[in-house]
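Undergrad: Structural data only, the sequence is not supplied:
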């Protein structure tokens, strides 16, 4: 049985184009509407701010309800979920390798998570691994 290449292209191409469209739409919304890819991150004593495309979100660290970080150390990426004192939830992708002092930024963000959630299993594992490495 011979299947025409034109038949294959007509069946697969619209599906492929739809998937490319969805992926592009997702990236555009994240970058320009939800602004999850920060260009500037400032960490002060009790404050952290994320800035992208003329929008700046400032959080007082002591007033944050949740500060959860999913780290990807090999690529230097962090996925941060923040819930402030009024319940507003935001998410941020931080590509630490694109910042000056990337290792320090990576470490400081993880320390903020540990400070906010010292009881988590992840924080305990990090504490135990730092004790055994000394």
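TA: Structure's in. What do you need? Please read all numbers here as calculations on a predicted model, not as lab measurements. Numbering: from 1, shown residues only.
Undergrad: Can you tell me what sits against the longest helix belonging to the chain?
TA: If you go by DSSP state H, the chain has its longest helix at helix 5-28. For helix 5-28, contacts defined as CB atoms under 8 Å, 6 or more residues apart in numbering pick out no residues. Every C-beta, even on glycine, is put in place using the N, C-alpha and C of the backbone.
Undergrad: what distance separates the start and the end of stretch 70-80?
TA: Start-to-end span of stretch 70-80 (CA to CA, to the nearest Å) is 7 Å.
Undergrad: buried sites along it?
TA: For stretch 70-80, the neighbour count (16 or more other CB atoms under 10 Å) marks 71, 76-78, 80 as buried.
Undergrad: Pick out the most distant pair among those.
TA: Maximum pairwise distance among the buried residues of stretch 70-80 (CB to CB): 13.5 Å, between 76 and 80.
Undergrad: how about the buried residues of stretch 70-80 in a markdown table, adding secondary structure?
TA: Shown next, in a markdown table, are the buried residues of stretch 70-80 (DSSP: H, G, I helix; E, B strand; the rest coil):
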| residue | secondary structure |
| --- | --- |
| 71 | strand |
| 76 | coil |
| 77 | strand |
| 78 | strand |
| 80 | strand |
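Undergrad: Reformat the residues you listed as a markdown table; add distance to residue 46 and pLDDT.
TA: What follows is the buried residues of stretch 70-80, written out as a markdown table (distance: CB to CB, whole Å; pLDDT from 0 to 100):
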| residue | distance to residue 46 | pLDDT |
| --- | --- | --- |
| 71 | 22 | 94 |
| 76 | 25 | 92 |
| 77 | 25 | 95 |
| 78 | 20 | 96 |
| 80 | 17 | 97 |
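Undergrad: Show me which of the residues you listed is closest to residue 121.
TA: Closest to residue 121, out of all of the buried residues of stretch 70-80 and judged by CB to CB, is residue 71, at 14.6 Å.
Undergrad: State the distance from the closest one to residue 23.
TA: 24 Å (CB to CB, to the nearest Å).
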